[in-house]
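In: Got a predicted model here, sequence first, then my questions.
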Amino acid sequence: MTEFQIRALDMADEQTAVTTHRIGRSAYAIEAELIAFDGIPALRETLEEMRAQPLNWLGAVHENTLAAFIAWREDTDPVEIDRLCVDPEFFRRGLAARLLTHLLDEIVPDRDIVVTTGAANHPAVTLYKRLGFTRGKDFQPVPGLTMAYFEMRRR
C-alpha cells in the first residue's frame, strides 16, 4: 500500500500552488458532473485567486507527489472547511478521510467545524456523515443548485 504523508502546503511555492490548482479543477469538474452544476466558484478560480484566499492548507503527499488537499479558515467561528479535493488518479484510497481526520484530530480538535457540499455529491455526503458531521438544512445559493450543510459541534 502506498504511504502518504500529511503535511502543510505552502501556496507561496509555485509548484505546490500550480499542482494544487490543477487537482482542484480536476476534482471540481467531477463534482460538477455529480451535482449537474458547472458554476462551482473554485472550478473557475484562477491560480492567483486561489493563492489569495485566506486559507490554511494540508496535503496528502507520496514521494513529493501531491495527491489530495484540504483547505480551511481558522479565523472564523466555527472553523469553515473551504475545500477538500482528491486528484482523480488517487480516488478511493481514503485520502479525503485521512485529511479530514487529521484536521479534526490534530489541528482543530476543540473547535466547531462546518462544511458544505453539493447535496447530490453522494461520496462527500457519505464521508461527512461517516466522520460524525450532522447534516443541517439544505439550501440553494442559486437556482438549480442544492447544497448540503454539515456541522460538527465539539464544545
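Out: Now that the structure is in, tell me what you want to look at.
In: Show residues contacting the worst-scoring helix or strand of the chain on mean pLDDT.
Out: Taking mean pLDDT, DSSP states H and E as the measure, the helices and strands of the chain show their lowest mean at helix 41-44, namely a mean of 80. By C-beta atoms under 8 Å, 6 or more residues apart in numbering, the list of residues contacting helix 41-44 from outside reads 24-25, 28-29, 32, 50, 83. For every residue, glycine as well, the C-beta is placed using N, CA and C.
In: buried residues in whichever helix or strand comes after that helix?
Out: Later in the chain than helix 41-44, the nearest helix or strand by DSSP states H and E is helix 47-52. Neighbour counts over helix 47-52 (16 or more other C-beta atoms under 10 Å) mark 47, 50-51 as buried.
In: If we ignore the residues flanking it in sequence, what's nearest the residue nearest to the spatial centre of the chain?
Out: The structure's the chain has its C-alpha centroid closest to residue 84; by C-alpha atoms, centre = their mean the separation is 1.2 Å. Excluding the flanking residues, the one nearest residue 84 by C-beta to C-beta, 6 or more residues apart in numbering is residue 70, at 4.7 Å.
In: Looks like residue 57 contacts residue 68 (just checking).
Out: No: at 11.2 Å, residue 57 does not count as touching residue 68 under the criterion of C-beta atoms under 8 Å.
In: for stretch 93-105, the distance to its chain's centre please.
Out: Distance of stretch 93-105 from the chain centroid (C-alpha atoms, centre = their mean, to the nearest Å) equals 10 Å.
In: Mind listing residues that contact it?
Out: With C-beta under 8 Å, 6+ apart as the criterion, stretch 93-105 contacts 2, 4, 6, 58-60, 67-70, 72, 81, 84, 86, 113, 124, 127, 130-131, 152.
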